[in-house]
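>>> Just to be clear, the model below is a prediction. Sequence and coordinates:
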Amino acid sequence: MLMEKQRAELVEFGKKLVRANLTKGTGGNLSVFDRKTGYVAITPSGIDFFEMQPEDIVIVDLEGKTIEGDRTPSSEWEMHLMPYRTRTDIDAVIHAHTMWATVLACLRQELPATHYMIAVAGPTVRVAEYATYGTHELAVNASRAMEDRKAVLLANHGILAGAQDLLNAFNIVEEIEYCSEVYCKARSIGQPVVLPAEEMTLMAERFKTYGQRKSK
């Protein structure tokens with residue numbers, strides 16, 4: 001079975017998304033890219049994360065052709081493959097239907113630099129233009145809005161994040177969801193203060209070591 005370690009990790013992190021209240025039911029999807037083989041392990045469509053088994057994970061190439069697996073890959077497969085085709089700093093992608101990041105996505109408002117932890121994803125988190133889920137258009141829109149960033153809000157949909165591995169991609173989703181909640185609640189009281197660009201640049205530099213979680 002190809003990519004056995006990655007398959008197990010995808011099953012584990014799918015469950016973590018639900019346990020951390022970062023997604024609901026079968027909403028969301030995860031993938032890992034193996035640069036040596038050029039293959040991508042991606043979660044299947046419509047299977048509960050707590051019922052999913054490693055053998056349910058689908059292995060595809062960068063064109064989306066199934067290499068191994070009997071299941072149908074996530075309908076968002078192209079949105080996952082796009083970063084692997086165009087970037088060298090992303091080998092894992094997580095898409096989730098989080099609450100507060102999705103609130104901003106529905107308002108089509110980017111997440112500004114109101115908390116220094118936003119720097120794990122970039123100086124801000126942009127909103128990608130709306131497109132129907134599972135379409136080439138959505139994949140292009142998400143990739144464009146995530147340029148020079150590690151996360152993007154998908155208009156009226158959810159969040160997409162990428163990193164060098166699943167651990168850090170999960171961390172980005174978790175931190176951006178927290179910062180989105182803080183921002184939305186702060187907006188209900190007053191106008192949050194935005195940190196200066198220099199501070200976010202400093203944070204990004206510091207996070208190159210401090211902010212990068214290490215896989216076991």
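Arrived safely.
>>> Which parts of this structure are strands?
29-34, 39-42, 58-60, 66-68, 92-96, 127-128, 151-154, 158-163 (DSSP state E).
>>> In CSV, list those along with mean pLDDT, distance to residue 193 and mean neighbour count.
C-beta coordinates here come from the backbone N, C-alpha and C atoms, glycine included. Output for these, formatted as CSV (pLDDT from 0 to 100; distance: least, Cβ to Cβ, whole Å; neighbours: other Cβ atoms under 10 Å):
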stretch, mean pLDDT, distance to residue 193, mean neighbour count
strand 29-34, 98, 34, 25
strand 39-42, 98, 40, 25
strand 58-60, 98, 44, 22
strand 66-68, 98, 49, 15
strand 92-96, 98, 28, 28
strand 127-128, 98, 21, 22
strand 151-154, 98, 21, 28
strand 158-163, 98, 24, 28
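>>> Arrange those strands in a markdown table, one row each, with distance to residue 116 as further columns.
Formatted as a markdown table, those follow (distance: least, Cβ to Cβ, whole Å):
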| stretch | distance to residue 116 |
| --- | --- |
| strand 29-34 | 27 |
| strand 39-42 | 32 |
| strand 58-60 | 37 |
| strand 66-68 | 41 |
| strand 92-96 | 22 |
| strand 127-128 | 21 |
| strand 151-154 | 15 |
| strand 158-163 | 18 |
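>>> Indicate which one of the ones you listed is closest to residue 202.
strand 151-154 (19.2 Å; Cβ to Cβ).
>>> what's the first-to-last distance across stretch 115-131?
29 Å (Cα to Cα, to the nearest Å).
>>> Surely residue 129 and residue 145 touch.
Yes: if you go by Cβ atoms under 8 Å, residue 129 and residue 145 touch, sitting 7.4 Å apart.
>>> More neighbours: which of these two?
residue 145 (20 against 15; other Cβ atoms under 10 Å).
>>> Can you name the residues that contact the more buried one?
Contacts for residue 145 (Cβ atoms under 8 Å, 6 or more residues apart in numbering) come out as 126-129, 152-153.
>>> Tell me where the chain is predicted with low confidence.
The chain contains residues with pLDDT under 70 at 211-216.
>>> From the centroid of this protein, which residue is nearest?
residue 161 (2.3 Å; Cα atoms, centre = their mean).
>>> What's opposite that residue in the beta bridge?
residue 94, residue 151 (DSSP bridges).
>>> quick one: contacts for it?
Residue 161 touches 93-95, 121, 150-152, 169, 172-173, 176, counting by Cβ under 8 Å, 6+ apart.
>>> List the buried residues in the longest helix along the chain.
The helix that spans the most residues within the chain, counting by DSSP state H, is helix 166-189. For helix 166-189, burial by neighbour count (16 or more other Cβ atoms under 10 Å) applies to 166-184.
>>> Much appreciated, bye for now.
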